[in-house]
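**Student:** Predicted model follows, preceded by the sequence.
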Amino acid sequence: MAGLIALVLVVVFSACLSSVAAAGATSYKAGEKITLYVNKVGPFFNPQETYPYYSLPVCRPNQVVFRELNLGQLLIGDRMAISPYKIQFKENVASAELCTLKFSDEGLSQLRSAVEDLFYFEFVLDDVRMKGFIGRMEEHLFPHEHVLFFWTHHHFKILYNGNNVIHASVNTTRKDPVQLDKAGANLTIPFTYSVEWEETKVKYADRDQLAKRAKFFHDNVQIHWLSVFNSAFLTVMLMAFMAAILMRVLNSDMVRYNEDIEAEDPDEFGWKVLHGDVFRFPPHKSILCALIGNGTQFLALAVGIIIMACFDMFNIHRHGSMATTGVLLYASTCCVSGYVSSRFFRALNGNRWAWNIILTSSLFTVPFFVMWSVVNSVAWYYQSTQALPFTTIFLLILMWLLGGFPLTVLGGITGRNHGDTFNAPCRTKNIPREIPSLPIHHTLMVRMLVGGFLPFSSISVELYYVFSTLWGRQTYTLYGILLLVFAILISMTVCISVVQTYFQLRCGDYRWWWHSVFSAGATGIFVFVYACFYYFMRSQMSGTLQTVEFFGYAILICYVFFLTQGTVSFFSSLLFTRYIYGSIKMD
């Protein structure tokens, strides 16, 4: 069974490598035609609100032919179609007419609306993406009005080295635009284009650097090593102080308890008196096991993607490679969730194995499917490219049915067969101990407030840049910083979890199992609050489609934070509790 799982993982990992591998250089002969693909258009301030380029009244071929796209490209909303532009390798074009269109009132109204919403377009030439605005708007104060202009000329500047295309860009300002606000029906507009070829010494292997430096959108993601290191230093110092204080208190407790073994406990609320209850199994064992199984899976998924990104395995011209890798890695790591969940379920003397495996496989997929259905339905209604085609939906469902779910079952069977009983360092009593009345600062809500805020504060600086990438126009490249911040987040969660578990046990409350999950899992709540702050205060996103996209996926991201942080906190508390009760002498 383990061999079969290893074989499946090898196959999926090979698929991941093939999906992220850089595409081979395409060589062209002089005069050879190069296909220019038109991709999508959308409002500048709504990154996820995109529509097919041919949804606008622009020049198009007699028959629209779409390019075959990979899974990742479809997931990020690409819908590339062949354009009527005639571009030939190394052949300059001073000016050529693309077509002449006669606009109706409806077409003019659509163009005016697009220009007012600051629509941009995206073209693709030899896997190089080019962006530009379809028009511009001028605001006049006296008289108060706004003037709309529509660009009708595209100038392409293409860099080449030998027989390879290195970089391409598009400029729309070479010719005067057409004014739309005063145009009437039956307006006739000629569309033109020009092509300029320029030789460069940049090698094909280094063309990624040109793409990263080409900034169409405003670049707000700057080098932020200083701010991250400042945050990291403060976090490490805080963890060091907490660890030093906790170790000092623990050593004092253990010396006192081991010296006076005849007394039950010299401290009225000491944690030693809980030795008969601290390892009492929690309620809802199956849900707890499924939760830590899914959390472990997402931790493995995050580590895998970040490490691959640190080794620069995601080519910027290999569009959608990270999305493809994420889907494949999620399917392959389903065996991790099944194994961890079933192994721990056996340790807690669980007996409904089938239900545990089903719960493990559906704890994330069901909420994800429900939320995705809402988002995708709204995208379908608005005819956005963010709506996945039926074939892609069928492929994803098939991947889960034939890959993810069977791997969860295989991992569950393996975990059940190789799992051991829960070997507690002290025996659990038959009658539960009464839990004393707790002060308000030791209640679960306060622990969630502290346990969620401190880990969130350790990543708050980097979270802005991550959000600017996910919900903005930036290309994230500083994955070394992301790996550092991820390690700080895990370390802070471990430290906070151990400290909170210690004070919880010291107060006579042995219900640390679920409390440890919810205390650090509350980080997801703070991330969601930050997401709301980012949407309303740091971005200019608006509209039903963009709002549903943002908050729908933000909720899922926060849910993943809850699963991962809760899992880290739980295992930290478990190891800490085993350590302290295994280090003292029992009567």
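**Tutor:** Thanks, I have the structure now. Numbers count the residues shown, from 1 in each chain.
**Student:** Can you show me the helices along the stretch 151-300 of the chain?
**Tutor:** Assigned by DSSP state H, counting those that start in this stretch, the helices in the stretch 151-300 of the chain fall at 207-213, 225-259, 285-310.
**Student:** which residues sit in contact with Ala168?
**Tutor:** Contacts for Ala168 (CB atoms under 8 Å, 6 or more residues apart in numbering) come out as Leu125, Asp126, Val128, Met130, Phe156, Lys157, Ile158, Leu159. To be clear about C-beta, it is placed using only N, CA and C from the backbone, and glycine gets the same treatment.
**Student:** cutoff 6 Å now
**Tutor:** Counting by CB atoms under 6 Å, 6 or more residues apart in numbering, Ala168 makes contact with Leu125, Val128, Met130, Ile158.
**Student:** just to revisit the earlier point, the helices of the stretch 151-300 of the chain: which one's closest to Ser169?
**Tutor:** helix 207-213 (9.6 Å; CB to CB).
**Student:** Show me what the closest one is packed up against.
**Tutor:** Helices and strands touching helix 207-213, by 3 or more CB pairs under 6 Å, 6 or more residues apart in numbering; DSSP states H and E, are strand 164-171.
**Student:** can you give me the offset of the strand it packs on from its chain's centre?
**Tutor:** Relative to its parent chain, strand 164-171 has a centroid offset of 30 Å by CA atoms, centre = their mean, to the nearest Å.
**Student:** May I ask which helix or strand encompasses Lys40?
**Tutor:** Using DSSP states H and E, Lys40 falls within strand 36-43.
**Student:** Give the pairing partners of that strand; include direction for each.
**Tutor:** Its sheet considered, strand 36-43 pairs with strand 51-52 (antiparallel), strand 81-82 (antiparallel), strand 119-125 (antiparallel) by DSSP bridges.
**Student:** returning to what we had before: save the helices of the stretch 151-300 of the chain as a markdown table, and put in mean pLDDT, distance to Gly582 and mean neighbour count too.
**Tutor:** Formatted as a markdown table, the helices of the stretch 151-300 of the chain follow (pLDDT from 0 to 100; distance: least, CB to CB, whole Å; neighbours: other CB atoms under 10 Å):
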| stretch | mean pLDDT | distance to Gly582 | mean neighbour count |
| --- | --- | --- | --- |
| helix 207-213 | 76 | 52 | 15 |
| helix 225-259 | 75 | 11 | 14 |
| helix 285-310 | 94 | 21 | 21 |
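**Student:** Is it possible to get CSV of the ones you listed that adds distance to Tyr479?
**Tutor:** As requested, these are exported to CSV (distance: least, CB to CB, whole Å):
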stretch, distance to Tyr479
helix 207-213, 13
helix 225-259, 12
helix 285-310, 4
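**Student:** Indicate which one of those helices is closest to Cys99.
**Tutor:** Closest of the helices of the stretch 151-300 of the chain to Cys99 is helix 207-213, at 29.6 Å (criterion: CB to CB).
**Student:** what's in contact with that closest one?
**Tutor:** Counting by CB under 6 Å, 6+ apart, Ile166, His167, Ile316 sit against helix 207-213.
**Student:** same thing with stretch 431-441?
**Tutor:** Here stretch 431-441 makes contact (CB under 6 Å, 6+ apart) with Asp277, Cys507, Gly508, Asp509.
**Student:** which parts of that stretch are buried?
**Tutor:** Neighbour counts over stretch 431-441 (16 or more other CB atoms under 10 Å) mark no residue as buried.
**Student:** And for stretch 501-517?
**Tutor:** Neighbour counts using 16+ other CB under 10 Å place 501-502, 504-517 of stretch 501-517 among the buried residues.
**Student:** try stretch 341-361
**Tutor:** Across stretch 341-361, burial judged by 16+ other CB under 10 Å covers 341-348, 350, 356-361.
**Student:** Point out the least confident one among those residues.
**Tutor:** Among these, Gly350 carries the weakest pLDDT, at 84.
**Student:** and that one, what does it touch?
**Tutor:** With CB under 6 Å, 6+ apart, Gly350 has these contacts: Lys285.
**Student:** In a helix, it, correct?
**Tutor:** No: under DSSP: H, G, I helix; E, B strand; the rest coil, Gly350 sits outside any helix and is assigned coil.
**Student:** Next one: it from Phe344, what distance?
**Tutor:** 9 Å (CB to CB, to the nearest Å).
**Student:** so how many other residues sit close to Met445?
**Tutor:** 10 (other CB atoms under 10 Å).
**Student:** about what we covered before: what's the most distant pair in the contacts of stretch 431-441?
**Tutor:** Checking those with CB to CB, the most distant pair is Asp277 and Cys507, at 13.2 Å.
**Student:** tell me the secondary structure for Arg136?
**Tutor:** strand.
**Student:** Counting neighbours, what do you get for it?
**Tutor:** 15.
**Student:** Isn't it up against Leu148?
**Tutor:** No: assessed by CB atoms under 6 Å, Arg136 is found out of contact with Leu148, at 8.0 Å.
**Student:** Let me have the contacts of stretch 431-441 in CSV, adding distance to Thr26, secondary structure and pLDDT as columns.
**Tutor:** Listed next are the contacts of stretch 431-441 as CSV, based on distance: CB to CB, whole Å; DSSP: H, G, I helix; E, B strand; the rest coil; pLDDT from 0 to 100:
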residue, distance to Thr26, secondary structure, pLDDT
Asp277, 69, coil, 84
Cys507, 68, coil, 85
Gly508, 71, coil, 84
Asp509, 66, coil, 85
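**Student:** In a markdown table: those, plus distance to Lys29.
**Tutor:** Putting the contacts of stretch 431-441 into a markdown table (distance: CB to CB, whole Å) gives the following:
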| residue | distance to Lys29 |
| --- | --- |
| Asp277 | 80 |
| Cys507 | 79 |
| Gly508 | 82 |
| Asp509 | 77 |
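**Student:** Closest one of these to Gln565?
**Tutor:** Closest to Gln565, out of all of the contacts of stretch 431-441 and judged by CB to CB, is Asp509, at 20.8 Å.
**Student:** Nearest residue to that closest one in space, please, no chain neighbours.
**Tutor:** Ile435 (5.5 Å; CB to CB, 6 or more residues apart in numbering).
**Student:** Next one: that neighbour, what pLDDT does it get?
**Tutor:** pLDDT recorded at Ile435 is 83.
**Student:** separation between it and Gln504?
**Tutor:** Using CB to CB, which is the criterion applied here, Ile435 is 10 Å from Gln504.
**Student:** Then Tyr382?
**Tutor:** Separation of Tyr382 from Gln504 (CB to CB): 49 Å.
**Student:** Equivalent analysis for Ile488, please.
**Tutor:** For Ile488, the distance to Gln504 - CB to CB - is 24 Å.
**Student:** swap in Tyr160?
**Tutor:** Going from Tyr160 to Gln504 by CB to CB gives 66 Å.
**Student:** For burial, what's the neighbour tally of Phe45?
**Tutor:** The local packing of Phe45 (other CB under 10 Å) involves 16 other residues.
**Student:** in a strand, that's where it is, yeah?
**Tutor:** No: Phe45 is assigned coil when assessed by three-state DSSP, not a strand.
**Student:** That one contacts Ser539, doesn't it?
**Tutor:** No: Phe45 is not in contact with Ser539 according to CB under 6 Å; the separation is 7.2 Å.
**Student:** got the buried residues for the helix or strand where Thr547 lies?
**Tutor:** Using DSSP H and E, Thr547 sits in helix 544-582. Across helix 544-582, burial judged by 16+ other CB under 10 Å covers 545-554, 556-574, 576-578, 580-581.
**Student:** Kind regards, and thank you for your time.
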